[in-house]
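In: Dropping the sequence and predicted coords here.
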Amino acid sequence: LAKTTQPISMDSYEGQEVNITCSHNNIATNDYITWYQQFPSQGPRFIIQGYKTKVTNEVASLFIPADRKSSTLSLPRVSLSDTAVYYCLVGPNNAGNMLTFGGGTRLMVKP
Amino acid sequence: SQTIHQWPATLVQPVGSPLSLECTVEGTSNPNLYWYRQAAGRGLQLLFYSVGIGQISSEVPQNLSASRPQDRQFILSSKKLLLSDSGFYLCAWTEDYYGYTFGSGTRLTVV
């Protein structure tokens, strides 16, 4: 499984756009990139998934360059409630695959 | 719709006592089930996963065991708890699509 590297922590202010980048240099051809959000004392929650180019949903956007060796989760106009840990995972898009959650990026949104 | 139930939410157990955490999934059949543990301020560690009844795979050697007596039931057990077993335990499932769905977790404190 591809290893991922992301910043340990980030600070932002309400209303700003936050971009969290994840490196996955050894991503495989059949690997997808998935991001999860975790609040304290809760299980991680699926945010967005992509394979290449750009994916957007009501919560976030995911930018993936052509070489797919990195990806950027973009959170538009964050609020205090976006304070959480964000995990980047890379692996095949099928059930039964065991994805590894690393330490994630701890995002702190300040007023 | 699919839901996942995990209980209890919190648990305080003395060292040497047994443990049984239960996880059930509704609204799906033959899910892949997982047990994760999260130490304070850390990422998620995969403990066990199961692709079917009676099929359990362990990712790390430890003081814990898992069982899957029914299709949608996954149980995490220990005969004698250690202090190091304290943590936040999460059950998760996947089916024939991408992404994990996590339960609400059990915070275990071994004293």
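Out: Good, I have the coordinates. Residues are numbered from 1 along each chain as shown, chains lettered A, B, ... in the order given.
In: What are the boundaries of the strands in chain A?
Out: Under the criterion DSSP state E, strands of chain A are mapped to A:9-13, A:18-23, A:31-38, A:45-50, A:53-56, A:61-64, A:70-75, A:84-92, A:105-110.
In: who does the fifth one pair up with?
Out: Counting by DSSP bridges, the strands paired with strand A:53-56 are strand A:61-64 (antiparallel).
In: can you list the residues that contact the strand it pairs with?
Out: For strand A:61-64, contacts defined as C-beta atoms under 8 Å, 6 or more residues apart in numbering or on different chains pick out A:33, A:35, A:48-56, A:70-74, A:76. C-beta here means a position set from N, CA and C on the backbone, and glycine is covered the same way.
In: quick one on the thing from earlier: would you turn the strands of chain A into a markdown table with mean neighbour count?
Out: A markdown table is the format used below for those (neighbours: other C-beta atoms under 10 Å in any protein chain shown):
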| stretch | mean neighbour count |
| --- | --- |
| strand A:9-13 | 14 |
| strand A:18-23 | 18 |
| strand A:31-38 | 23 |
| strand A:45-50 | 18 |
| strand A:53-56 | 13 |
| strand A:61-64 | 19 |
| strand A:70-75 | 21 |
| strand A:84-92 | 23 |
| strand A:105-110 | 17 |
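In: could those go into TSV alongside mean pLDDT and distance to residue B:76?
Out: Formatted as TSV, the strands of chain A follow (pLDDT from 0 to 100; distance: least, C-beta to C-beta, whole Å):
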stretch	mean pLDDT	distance to residue B:76
strand A:9-13	97	30
strand A:18-23	96	30
strand A:31-38	92	20
strand A:45-50	92	21
strand A:53-56	93	34
strand A:61-64	97	33
strand A:70-75	97	31
strand A:84-92	91	22
strand A:105-110	97	27
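In: Can you pull the residues of chain B lying near chain A?
Out: Contact residues (C-beta under 8 Å from any C-beta of the partner chain) of chain B with chain A: B:31-32, B:34, B:36, B:42-44, B:46, B:49, B:51, B:59, B:88, B:90, B:92, B:94-105, B:107.
In: switch to 7 Å and redo it
Out: Residues of chain B lying close to chain A by C-beta under 7 Å from any C-beta of the partner chain are B:32, B:42-44, B:46, B:49, B:51, B:90, B:92, B:94-96, B:98-100, B:102-105, B:107.
In: Show me what residue of chain B gets nearest to chain A.
Out: Of all residues in chain B, the one sitting closest to chain A is residue B:102 (2.7 Å; C-beta to the nearest C-beta).
In: What residues does that residue make contact with?
Out: A:43-44, B:90, B:92 (C-beta atoms under 7 Å, 6 or more residues apart in numbering or on different chains).
In: name the helices or strands packed onto the host helix or strand of residue B:50?
Out: Applying DSSP states H and E as the criterion places residue B:50 in strand B:44-52. Applying 3 or more C-beta pairs under 7 Å, 6 or more residues apart in numbering or on different chains; DSSP states H and E, we find strand B:44-52 packed against strand B:32-38, strand B:55-58, strand B:65-70.
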